[in-house]
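Trainee: just to be clear, the model below is a prediction. Sequence and coordinates:
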Amino acid sequence: MRNNAGQSEIAAPAILTAGLAKKYRLAVRPTLTDFDLTLAKGEFFGLLGPNGAGKTTILSILCGLRRPDGGRVRILGMDWAKQRRLIQTQIGIVPQEIALYDQLTARENLMVFGRLLGLGGGKLKEQTAKCLDIAQLSERADHRVCSFSGGMKRRLNLVIGLLNDPLILFLDEPTVGIDTQSRHLIHQELQRLHSQGTTLLYTTHYMEEAQELCSRVAVLDEGRILQEGAPGQLLQESACRNLEELFLGLTGKQIRDV
């Protein structure tokens, strides 16, 4: 392993949940009920579902940002309640909303978030330069983020999640609303990370992305998994032409405004 997780975690799954439950105070029904999920290390896993299916809630719980009402979560064999600080060194998070300081430069954003992750000195400078290069923003490193296009912000948003070389990367719709070239660059970087053994848990509404990128996907609705497996296997078993056709067949065509 690239970081200092203990020997007892080496053989554990990257992510394990059992019996997760979550109900929001004003909700009519629970968002999650008895939700189970296991990801092996190195998987590129796509969590697919319509609006309100529970994807963001699941990611929030797995990232330690929200507590479940019941059930358990293990990240690399560790418990958020007991080993929070160690887990935080092993994971990266790329949120759906752009999480950048507009009045800071790209370099300054990376330095701020790097310090929050415990990086400093030469290591922080090295990782900042590496991330700027990955995002193809080295020439704009000292420009304020408020001057950036949507695609540039998305690329910077992505590489902030890579600053600590995470073993697990959580991505919540990382390519929403961007140009084709930026989407292509992000896809290439995710494929590179996957080839190096990083575990990726990825949500998207773009079914063609999931079909192209993910080694395994799960179609989720109302907090439960309807089907799960490798994209090619699911299409062969269902006789669907693509994941979008399978997705609509499972979740329906009704608009889900939330």
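Mentor: Received, thanks.
Trainee: hey, where'd the strands end up in the stretch 51-200 of the chain?
Mentor: 70-75, 91-94, 168-172, 199-203 (DSSP state E, counting those that start in this stretch).
Trainee: which other helices and strands contact the last one?
Mentor: Contacts defined by 3 or more CB pairs under 8 Å, 6 or more residues apart in numbering; DSSP states H and E place strand 199-203 against strand 44-48, helix 55-62, strand 168-172, helix 180-195. Yep, even glycine has a C-beta here, placed from its N, CA and C like the rest.
Trainee: related to what we said a few turns ago, dump the strands of the stretch 51-200 of the chain into a markdown table; add mean pLDDT as well.
Mentor: Compiled in a markdown table, those are given as follows (pLDDT from 0 to 100):
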| stretch | mean pLDDT |
| --- | --- |
| strand 70-75 | 96 |
| strand 91-94 | 97 |
| strand 168-172 | 97 |
| strand 199-203 | 97 |
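Trainee: got JSON lines for those, with mean neighbour count and distance to residue 193 too?
Mentor: Formatted as JSON lines, the strands of the stretch 51-200 of the chain follow (neighbours: other CB atoms under 10 Å; distance: least, CB to CB, whole Å):
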{"stretch": "strand 70-75", "mean neighbour count": "19", "distance to residue 193": "17"}
{"stretch": "strand 91-94", "mean neighbour count": "22", "distance to residue 193": "10"}
{"stretch": "strand 168-172", "mean neighbour count": "23", "distance to residue 193": "7"}
{"stretch": "strand 199-203", "mean neighbour count": "24", "distance to residue 193": "6"}
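Trainee: distance to residue 37 added to those, as a markdown table?
Mentor: Output for the strands of the stretch 51-200 of the chain, formatted as a markdown table (distance: least, CB to CB, whole Å):
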| stretch | distance to residue 37 |
| --- | --- |
| strand 70-75 | 9 |
| strand 91-94 | 15 |
| strand 168-172 | 13 |
| strand 199-203 | 9 |
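Trainee: closest to residue 116 out of these?
Mentor: strand 91-94 (11.5 Å; CB to CB).
Trainee: sheet partners, orientation included, of that closest one?
Mentor: Sheet pairing of strand 91-94 (DSSP bridges) gives strand 168-172 (parallel).
Trainee: residue 251 reaches residue 227, doesn't it?
Mentor: No - applying CB atoms under 8 Å, one finds residue 251 not in contact with residue 227, separated by 10.3 Å.
Trainee: now for these two: what residues contact both?
Mentor: residue 219 (CB atoms under 8 Å, 6 or more residues apart in numbering).
Trainee: quick check: residue 86 touching residue 80?
Mentor: No - applying CB under 8 Å, one finds residue 86 not in contact with residue 80, separated by 10.2 Å.
Trainee: neighbour-wise, which of these two wins?
Mentor: residue 80 (19 against 16; other CB atoms under 10 Å).
Trainee: return the distance of residue 32 relative to residue 120.
Mentor: 38 Å (CB to CB, to the nearest Å).
Trainee: where do the helices sit along the protein?
Mentor: Using DSSP state H, the helices of the chain run over 55-62, 80-90, 106-116, 121-134, 150-160, 180-195, 207-213, 231-238, 243-251.
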